[in-house]
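**Q** Dropping the sequence and predicted coords here.
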Amino acid sequence: MKKLYLIWQDPKTRRWFPVGRLTYNDKVYCFMYTKGAKKASNFIPLGRMSNLEVPYESSELFPLFANRLLSKTRPEYEKFLHWLNLYDSDSNDNPIVLLGRSGGIRETDSMEVFLCPQKDKDGKYHVSFFSRGIRYLPKHALEVINSLNPNDQLFIMSDLQNPSDEFAIALRTGEPVTIVGYCPSYLAEDFHSLLKECGPNSLKITVERVNSDAPTQLRLLCSMIAPWPNNFEPCDGELFEVLPERVL
């Protein structure tokens, strides 16, 4: 079962918290808050879903998530599917997959969504994600990004002195070295765990697609493949645990 997590950024501390989880099973969507919603001191419950301890179910996608999907009537919808590299995919009509790949990013708030990674058909950790922070990079970095090609290898660097995220991981090219963004914060802890368990040479990050005509948050689509260690579970931290403390 696919798990879509909702994450929220505290406007004061700039820290990201997983605050909810959305699943779909037997034609029913289920939303549950996570412990991150309680740990985030400035987080306010979402609209009518005001009780953190109650599971919410619906036969239709909750407006909170539906409003983050690009309408199929928009003229750029097909281009949008290409940006996500889902145009020829069997999942290009699955709202949870579309949200998970795009992040459901809106400029009007501090929320984002992502799919919890699952084992691929080869039993490996395989996740696609868009490079973050591109709009803050210098012009030269944008030129380098636009010159990248599918399957070009990228490398990661821990940003140990990042004041807002102790797990921050930067993405760079090979020689000549250029920073081309950051791994999403919600994946960084998993990446650190995989580096520790499997070693740095076991993680392979490549360019999946460059969208030179897309907004910066959809500019550089990357792919990461790594072994899946025994006893490893993604999104396994306390903040991801659902409330109440039971899984539907």
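**A** In hand now; what should we look at? Residues are numbered from 1 along each chain as shown.

**Q** shaky segments in the protein?
**A** 107-108, 160-161, 163-164, 245-248 (pLDDT under 70).

**Q** Give me the longest helix you can find in this structure.
**A** In the chain, assigned by DSSP state H, the helix with the most residues is helix 185-198.

**Q** List the buried residues for it?
**A** 185, 186, 187, 188, 189, 190, 191, 193, 194, 195, 198 (16 or more other C-beta atoms under 10 Å). Every C-beta, even on glycine, is put in place using the N, C-alpha and C of the backbone.

**Q** From the contact counts, what lies against that helix?
**A** strand 3-9, strand 16-25, strand 111-115, strand 125-130, strand 169-172, strand 220-226 (3 or more C-beta pairs under 8 Å, 6 or more residues apart in numbering; DSSP states H and E).

**Q** From residue 45, how far out is the nearest residue to residue 203 once chain neighbours are set aside?
**A** Spatial nearest neighbour of residue 203, excluding adjacent residues (C-beta to C-beta, 6 or more residues apart in numbering): residue 226 at 4.6 Å. Remark: distance between residue 226 and residue 45 (C-beta to C-beta, to the nearest Å) = 36 Å.

**Q** So these two - more neighbours on which side?
**A** residue 226 (23 against 13; other C-beta atoms under 10 Å).

**Q** quick one, what contacts the more buried one?
**A** 124, 125, 194, 198, 202, 203, 204 (C-beta atoms under 8 Å, 6 or more residues apart in numbering).

**Q** May I see the residues you listed arranged in TSV, with distance to residue 3 as well?
**A** What follows is the contacts of residue 226, written out as TSV (distance: C-beta to C-beta, whole Å):
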residue	distance to residue 3
124	18
125	15
194	19
198	23
202	25
203	22
204	24
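
**Q** ok, so of the residues you listed, who is nearest residue 2?
**A** Closest approach to residue 2 among the contacts of residue 226 (C-beta to C-beta): residue 125, at 15.4 Å.

**Q** residues in contact with that closest one?
**A** Per C-beta under 8 Å, 6+ apart, neighbours of residue 125: 117, 119, 190, 194, 224, 225, 226, 227, 228, 232, 234.

**Q** Just confirm residue 210 contacts residue 146, I think it does.
**A** Yes. Using C-beta atoms under 8 Å, residue 210 is in contact with residue 146, at 6.4 Å.

**Q** Could you measure from the residue nearest to residue 203 over to residue 123?
**A** 11 Å.

**Q** Which of the contacts of residue 226 sits closest to residue 220?
**A** Using C-beta to C-beta, these come closest to residue 220 at residue 204, 16.2 Å.

**Q** For the closest residue to the closest one other than its chain neighbours, which residues are in contact?
**A** Computed as C-beta to C-beta, 6+ apart, the closest residue to residue 204 that is not its neighbour in sequence is residue 225, at 5.1 Å. Residue 225 makes contacts with 120, 124, 125, 126, 203, 204, as judged by C-beta under 8 Å, 6+ apart.
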